[in-house]
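Colleague: Provided below are the primary sequence and the corresponding predicted coordinates.
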Amino acid sequence: MRESVQLQEAQARMAPGVIARDGFMGSDRRSLSEILAADAAEVSRLGLTDAEIAARMAELRDAGYPGLGDPVEVPPHLEVRVESERGKLPCPFGDSGGHRKTLVTVRNKRLGRSVSFTDLSIHLVREHGFYEGSGSAFRLEPSYLREVLEMGGKP
């Protein structure tokens, strides 16, 4: 399958050192369109949408902001820590504007599992259905997000 010019340009911006030191593709050898298609199929199989997943991520980020780096309890058993650095990161898909350098870590104390994501991650999921490539430091598996963030959908 031939990539569109826009996806080729986006994938080039996802290379290590262009926007982020380690890039967005990790060790994944698939094309960007293959990654997007596979994740779209997985999200659909889970009975969720990218918008629902991104909304839950943003909800938990917002709940953790008052802690200013300290964990905030989100009943009944989630703990959210939000850390922020100065500066912004652009979207590799070429969208205008920037996204704060914010790291959100959600720990599900009932499951003993955690997930970390950024403001840019929320944007990439919501606007592009992009969960990053396999092996990427910020790869977000949709099924893992559903479990740790305690979302509905299909089992």
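Modeller: Cool, got the structure. Numbers count the residues shown, from 1 in each chain.
Colleague: what does the strand or helix carrying residue 51 contact?
Modeller: Element membership of residue 51 [criterion: DSSP states H and E] is helix 50-64. Defining contact as C-beta atoms under 8 Å, 6 or more residues apart in numbering, one finds that helix 50-64 is touched by 40, 43, 71-72, 74, 78, 80-82, 102, 104, 106, 117, 119, 121-123, 125-126, 129, 142, 145-146, 149, 151. All C-beta spots, glycine's among them, are computed from the backbone N, C-alpha and C.
Colleague: now a PyMOL select for only the buried ones of these.
Modeller: In PyMOL, a selection of the buried entries from the contacts of helix 50-64 looks like this (16 or more other C-beta atoms under 10 Å):
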select buried, resi 40+43+72+74+78+80+81+82+102+104+106+117+119+121+122+123+125+126+129+142+145+146+149+151
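Colleague: listing partners with orientation, what would you give for the next helix or strand after the helix holding residue 51?
Modeller: Using DSSP H and E, the helix or strand that follows helix 50-64 in sequence is strand 72-74. Strands that pair with strand 72-74, judged by DSSP bridges, come out as strand 78-90 (antiparallel).
Colleague: helix 50-64 and the strand it pairs with, what's the angle between them?
Modeller: Using axes from the mean of the first three to the mean of the last three C-alpha atoms, to 10 degrees, one finds that strand 78-90 and helix 50-64 are set 110 degrees apart in direction.
Colleague: phi, psi for the closest residue in space to residue 4 that isn't next to it in sequence please.
Modeller: Of all residues not flanking residue 4 in the chain, residue 33 sits nearest, at 7.7 Å (C-beta to C-beta, 6 or more residues apart in numbering). Residue 33 adopts backbone torsions of phi -70, psi -30, taken as degrees, to the nearest 10.
Colleague: ranges for the helices of this structure?
Modeller: Listed in chain order, the helices of the chain (DSSP state H) span 5-13, 32-45, 50-64, 119-128, 142-148.
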